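K.L.:
Fold the following.
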Amino acid sequence: QVQLVESGGELVQAGGSLRLSCAASGRTFSSYNMGWFRQAPGKEREFVAGITWNGGKTVYVDSVKGRFTISRDNAKNTVYLQMNSLKPEDTAVYYCAASTGSSWYIGRRPHEYTYWGQGTQVTVSS
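P.N.:
Got it, this is the predicted structure:
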C-alpha cells in the first residue's frame, strides 16, 4: 500500500511558477513509475507528465512541454512538478499517481495507475 500526499498548489498570476510536491509513504516508491494528472471543473482527468521509477525517462502532454518539468528524489520518496510560465488554462486540481512495477513504458491513462493522492488546487489568474 502506498499513500500519496500532494502539496504546493495555490493561486498564482499568469506567467508565474509553482512547484508541486508529492510525498509517498512506503519502501517501494523507488520501484514505481509516477505520474501527474489534472482535472478542471467539468472536464475529464488529464495526463500531464510521467517519470520512470529511476528518473531515466519522462513524458509530457503537448500543452505543457517546455513549461513543466517532472522529477523525483527516491531518497526522499518524493516526486515534483515544476510549473513555469503558467497560464489560466492550467487551472485545475493536480493529482499525483503511482503505477506499480518498474517499466520504461509510462502510462498516460488514469486506469494505468494504482495509487492516487487527494489532489492540490492550482489556480492561475489572468
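
K.L.:
Just the mean pLDDT for stretch 61-70, thanks.
P.N.:
Confidence over stretch 61-70 (mean pLDDT, whole number) is 98.

K.L.:
Send over that stretch as CSV, restricted to the C-alpha atoms.
P.N.:
C-alpha atoms of stretch 61-70 as CSV (Å, rounded to 0.1, in the frame of the first residue of the first chain):
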residue,chain,number,x,y,z
VAL,A,61,1.4,16.2,-22.7
ASP,A,62,2.0,18.6,-25.5
SER,A,63,0.3,21.6,-23.8
VAL,A,64,2.9,21.7,-21.1
LYS,A,65,6.1,20.7,-23.0
GLY,A,66,8.8,23.3,-22.4
ARG,A,67,7.0,24.8,-19.4
PHE,A,68,6.6,21.9,-16.9
THR,A,69,9.3,19.5,-15.6
ILE,A,70,8.7,16.3,-13.6
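
K.L.:
Mind telling me what element V93 is part of?
P.N.:
strand 92-99 (DSSP states H and E).

K.L.:
List the contacts of G50.
P.N.:
N33, M34, G35, W36, T58, V59, I70, I106, G107, R108 (Cβ atoms under 8 Å, 6 or more residues apart in numbering). Every residue, glycine included, has its C-beta placed from N, CA and C.
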